[in-house]
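Colleague: Here is my input, please return the structure:
(chains A, B and C)
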Amino acid sequence: MSERRTWAPWAMSAPALLLFAVMLAVPLLLTTILSFNAYHVDTGPVAGSFTFEHYVHIVTDSYYYEIFWRTLWISGLVTLICIAIGAPEAYILSKMRAPWRSIFLLIILAPLLISVVVRAFGWSMLLGPEGLINDIFRLVGIGPVKLLYNETAIVIALVHVMLPFMVIPVWTSLQKLDPSVESASLSLGASHFTTLRRVVFPQVLPGILSGSLIVFGLAASSFAIPGLLGGRRVKMVATLIYDEYLHELNWPLGAAIAFVLLAANLVIMLGWNRMVEGRYKKTLG
Amino acid sequence: MQKNGPIALIFNALVIIFMLAPLVIVCLVAFTPAETLTLPTTSFSLRWFEQVLHHADFVQSFWNSLGLAVAAASISTALAVPAAIALVRYEIPGRGALQALFLSPLIIPHLVLGVAMLRMFSLVGGQGSFGWLIFAHALVVMPYTMRLVMAALIGFDRSAEQAAYSLGASNAKVFQRITLPMILPGITGGWLLAFINSFDELTMSIFVVSPSTVTLPVRMYMYATESLDPMMAAVSALIVFITLGLMLLLDKVYGLDRILIGKH
Amino acid sequence: MSFLRLHNVSKQYGPNRVVSQFNLDVQKGEFVSLLGPSGCGKTTSLQMIAGFVDVTEGRIELDGKDITRAKANERGLGIVFQTYALFPHMTVRENVEFGLEMRKVAQPERSERASEALALVHLGPYADRYPRELSGGQRQRVALARALVIKPPVLLLDEPLSNLDAKLREEMQFELREIQRKVGTTTIMVTHDQSEAMSISDRVVVMEAGRITQVDTPHTVYEHPHNAFISTFVGKANLLQATVHAQGGQWLAHVGDVQMAVQDVPAAAASHGTRLLLGLRPEKIQLSASSAGRTQGTVRERFFLGNLWLYTVECPLGSITVTAANDGEAPHQVGSQVGIDWSDRNVRLIAGDGVAA
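Modeller: Sure, this is the predicted structure:
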């Protein structure tokens, strides 16, 4: 029972630390270094060299701009749609009775455990010219709509994959809500809508914000969905990196893009997280 | 508490349909007797499932993924249990930072991890090595085991340990007879969750697999980018069924709702 | 010859002294309660006896042996935790047998002793159930059986009844004492409930802010509390501000214009005009017709407690509380004038200038 031996916890964490050192810290370090290496088309990365050329390239080449911009607006749109669908859905679920609530929640969250390839493939079948959705459109008289191998497909599929990541934090926020607070508001004469706006929403906002961070970050770095549903022309950052690494074999450039993606992810997540936490810790305690 | 009105229920129904649509489609198309991706309207056929079982590459990839997932989940669990105990029960300096480190694979894009591992593998001759791949997966699934074991330890009533100790048990006996059995659901749940995530993993794996170590998701991705036929649907359907089975197991062992959203 | 002795035991956490100068001699077979409000140090003291908290200063001796530094798993004491701390993954029988297992008691004997212990707490038929299938009261008995089966020299009870509802608590109080008498184990119980401590203990140790303020039989603690806190913590008391003066070789106390004889005023305190604090218990005061009694007053409020009537009365002594048995006679009405009477023998000196509070 004595917790006095100070070496014990370090000894117990050591194996995990070793794994992280070897499989996380070292690779990331090597990749960062690689991103500063010069690259020759014929010989590949030049070991020991140091240059900013790749970073400069990323920032100045319009091809990359297009891809970064596309990644940005798609991620943003996906985030907004997830908020618009996910937050109300979480609220509706929280108002359901016992068996249904768990069942529907499970249906919405279980897809997280199924590989993204399967889900992307499912959408490619639904959205194709011979797919179910176009079949329905045909019945209604709308001509075949191009829903596949464009940004539309990517957005739809990303919303499908990311929705659970929005529902979870919003649901968690709602669980912390005291249901009698809503009843108190109604008993004091507030309309249902006002109660939602003035009482429920402010308390759920932290959940929405943290969900947005997760969704945005995951959407921006997603690979399988743009890869399978974007076609050859519609690229996002992840497929760009894939190209540079496995097709162009320009590893330093790929490493540079990856580094930028990682840095952007971390900065946005940690920075916004701190701001949200700071603001809400004060008001909600 | 207001009940849900009809609009709310319709909204919910639409969301549910949206979430299930691609999965249901995949499972249905897998049974089609036709040559192309169509819904089985006239009859159900198992031909595409047979095709999968005879497709050597897919079968090999399945075993790769299975073995990989078992190994990765086991290693990460073996590493996570002592680390979790260290973090939860001891007040070491930098505890917060360590916890953030162990959970970091959750916020580092798998893409970046894949790229980074590829670089390291190329320098140490790890490409094509199943062993290095296992450790890469172990890293990626570590947060899942870590989180569940930590949750089990945090919610742990230590008076049971004190009682055992007062009844004469040594520290080792207390751990073996009391602590471990009581956190076992967390450990098993963590293992299962890690297994599922390793089995599903695509983005990192695609960078570091070699022809001999191709995992099932990667195989499927490569296949899907070249040709789309119902065999892909059959493989997908198999994955859905396997995952459903694992989810049932997870529910029995730990509680699916607890894993996905914490206690509710 | 004391069986368990605590000698000047103290516990300090940084600048805080949570237990000071704890001295206690417990006889074999005695049932002693540590009574006090939250934060008084009673639980810490129990934990030091158990060995879960290290002693900062002082000595603990059990049956002549110094166990101050002994580890908790070497002391062999029986402990019932506040939340019972049953092993959720083991059956009731396995829980009870655990201590015997650790002592390497072999099978047929182990099972027999466990069955005996379970019979003692009337839980025989539940041996193969799991803790989650039992009620709170049943779990508490399992915890007791588990602690007693190892035949410990001392049984430690940490607020054993606080998680039970009122009715069950009353029943368990007496059962607990009965079992303890039967088995004869020296027992120390920690509680904040004074009626619990009073009803089943041989002696009560009252604690306040880390110190022992009184150790006596329940009757003595009740009738002769050492200070104002004890007199209001244990039972209710009317605290009366009085001044003292001498008259014909005797000391008389004045509360307002009422005079009463008071015993045991220490010489140091007894000078003309000294202020004293007196205590008079509600049940020691009688209300009668307004013309009778040593003084008169008005009934302000009245509460019905089933077996008692509780009155708040305004009178020259101040606003006092009086209780009267519900003997079937009509109670006094609110607002009515009453006569108030008491015997000076029941007036206690609590504190005063020169007298320790």
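
Colleague: May I ask which helix or strand of chain C has the lowest mean pLDDT?
Modeller: strand C:348-352 (a mean of 76; mean pLDDT, DSSP states H and E).

Colleague: Which secondary structure elements does it sit against?
Modeller: helix C:228-233, strand C:275-280 (3 or more CB pairs under 8 Å, 6 or more residues apart in numbering or on different chains; DSSP states H and E). For the C-beta atoms, the positions are set from N, CA and C on the backbone; glycine is no exception.

Colleague: Also compute the angle for it relative to strand C:275-280, please.
Modeller: Orientation note: strand C:348-352 sits at an angle of 150 degrees relative to strand C:275-280 (axes from the mean of the first three to the mean of the last three CA atoms, to 10 degrees).

Colleague: so how far is strand C:348-352 off the chain centroid?
Modeller: 21 Å (CA atoms, centre = their mean, to the nearest Å).

Colleague: now swap in stretch B:53-67 and tell me
Modeller: Worked out by CA atoms, centre = their mean, stretch B:53-67 lies 18 Å from the chain centre.

Colleague: Equivalent analysis for stretch C:254-263, please.
Modeller: In terms of CA atoms, centre = their mean, the centre of stretch C:254-263 is found 31 Å from the chain centre.

Colleague: residue contacts, residue 162?
Modeller: As the question left the chain open, I've gone with chain A. Shown in contact with A:M162 (CB atoms under 8 Å, 6 or more residues apart in numbering or on different chains): A:78-79, A:82, A:214-215, A:218-219.

Colleague: I was thinking of chain C, sorry if that wasn't clear
Modeller: C:82, C:191-193.

Colleague: Which pLDDT value belongs to the closest residue to B:S45 other than its chain neighbours?
Modeller: Take B:S45 and drop its neighbours on the chain: the residue closest to it by CB to CB, 6 or more residues apart in numbering or on different chains is B:P33, 3.7 Å away. We note a pLDDT of 82 for B:P33 in this prediction.

Colleague: now do the one 3 residues further on
Modeller: Among the per-residue scores, B:T36 holds a pLDDT of 78.

Colleague: you'd agree it is up against B:P230?
Modeller: Yes: the pair B:T36 / B:P230 is scored as a contact, 7.3 Å apart, by CB atoms under 8 Å.

Colleague: Please say which of those two ends up with more neighbours.
Modeller: Neighbours of B:T36 and B:P230, each counted by other CB atoms under 10 Å in any protein chain shown, are more numerous for B:P230; the result is 27 against 10.

Colleague: What does that one show for phi and psi?
Modeller: Main-chain dihedrals, B:P230, degrees, to the nearest 10: phi -60, psi -10.

Colleague: picking up where we left off before, need the max-distance pair from the contacts of A:M162.
Modeller: Farthest pair in the contacts of A:M162 (CB to CB) is A:V78 and A:I214. Separation: 11.5 Å.

Colleague: which of the two has more neighbours?
Modeller: Under the neighbour definition other CB under 10 Å, A:V78 and A:I214 were set side by side, and A:V78 has more, 28 against 19.

Colleague: Now do the contacts for the more buried one.
Modeller: A:V78 is in contact with A:155, A:158-159, A:162, A:215-216, A:219, counting by CB under 8 Å, 6+ apart.

Colleague: ok, 10 Å please
Modeller: Applying CB atoms under 10 Å, 6 or more residues apart in numbering or on different chains to A:V78 gives the contacts A:154-163, A:166, A:215-216, A:218-220, A:222, A:225.

Colleague: element containing it, please.
Modeller: helix A:62-94 (DSSP states H and E).

Colleague: C:F98 now?
Modeller: Short version: C:F98 belongs to helix C:92-102, going by DSSP H and E.

Colleague: Ok, C:A246 next?
Modeller: strand C:238-247.

Colleague: where in chain B is pLDDT low?
Modeller: B:1-2, B:261-264 (pLDDT under 70).

Colleague: Where does the prediction get shaky in the chain?
Modeller: With no chain named, the answer covers chain A. Looking at chain A by pLDDT under 70, you get A:1-5, A:276-277, A:279-285.

Colleague: Actually, chain C is the one I wanted.
Modeller: C:1, C:266-271, C:352-357.

Colleague: Got the domain ranges for it?
Modeller: Domain assignment for chain C by automatic domain parsing gives C:4-232, C:237-352.

Colleague: Next one: whichever residue of the stretch 151-285 of chain A sits closest to chain B relative to chain C, how far apart?
Modeller: Nearest residue of the stretch 151-285 of chain A to chain B: A:S221, at 3.4 Å (CB to the nearest CB). A:S221 sits 42 Å away from chain C, going by CB to the nearest CB, to the nearest Å.

Colleague: Might one say that that residue is in contact with B:V115?
Modeller: No: contact criterion CB atoms under 10 Å: A:S221 and B:V115 do not qualify, at 11.1 Å.

Colleague: Overlap of the contact sets of those two?
Modeller: Joint contacts of A:S221 and B:V115 (CB under 10 Å, 6+ apart) are A:241, A:258, A:261-262, B:109.

Colleague: Which pair in those has the greatest spatial separation?
Modeller: Checking these with CB to CB, the most distant pair is A:I241 and A:L262, at 10.8 Å.

Colleague: Next, show the common contact partners of those two.
Modeller: By CB under 10 Å, 6+ apart, the residues touching both A:I241 and A:L262 are A:221, B:109, B:111-112, B:115.

Colleague: so which of those residues would you say is closest to chain C?
Modeller: B:P109 (40.3 Å).
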